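J.: Only the shape, not the letters, is given here:
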């Protein structure tokens with residue numbers, strides 16, 4: 001005796017996890033970008049005044065330099 005099973009593909013269920021995963025990914029991306037920018041500010045702050053002057057920077061302008069692509073100053 002042979003058995004034959006015919007199944008139709010089920011319609012994909014609307015997943016509640018998808019929006020949650022998307023927001024988690026966005027939060028992780030934002031956190032990573034923030035950490036990279038803070039690390040860049042710390043690295044520039046560790047330079048001497050002469051090195052900053054050669055780069056055309058001042059200590060008071062470090063944040064605006066690092067965040068210039070994000071915010072208008």
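T.: Structure's in. What do you need? Remember, predicted model here, so these are calculated numbers, not experimental data.
J.: where in the protein is pLDDT low?
T.: 1-17, 72-73 (pLDDT under 70).
J.: in it, which residue is closest to the centre?
T.: Nearest residue to the geometric centre of the chain (C-alpha atoms, centre = their mean): residue 29, 2.6 Å.
J.: Where does that residue sit, in terms of helix or strand?
T.: helix 17-45 (DSSP states H and E).
J.: circling back: how near is the residue nearest to the centre of the chain to residue 57?
T.: Note on residue 29: its distance to residue 57, by C-beta to C-beta, to the nearest Å, is 27 Å. Quick note: C-beta positions are derived from backbone N, CA and C, even for glycine.
J.: same question, residue 31
T.: Between residue 31 and residue 57 the computed distance is 26 Å (C-beta to C-beta).
J.: Which one's more surrounded, the two?
T.: Taking neighbours as other C-beta atoms under 10 Å, residue 31 and residue 57 compare with residue 57 leading, 17 against 10.
J.: Over to that one: give its phi and psi.
T.: Residue 57 adopts backbone torsions of phi -120, psi 160, taken as degrees, to the nearest 10.
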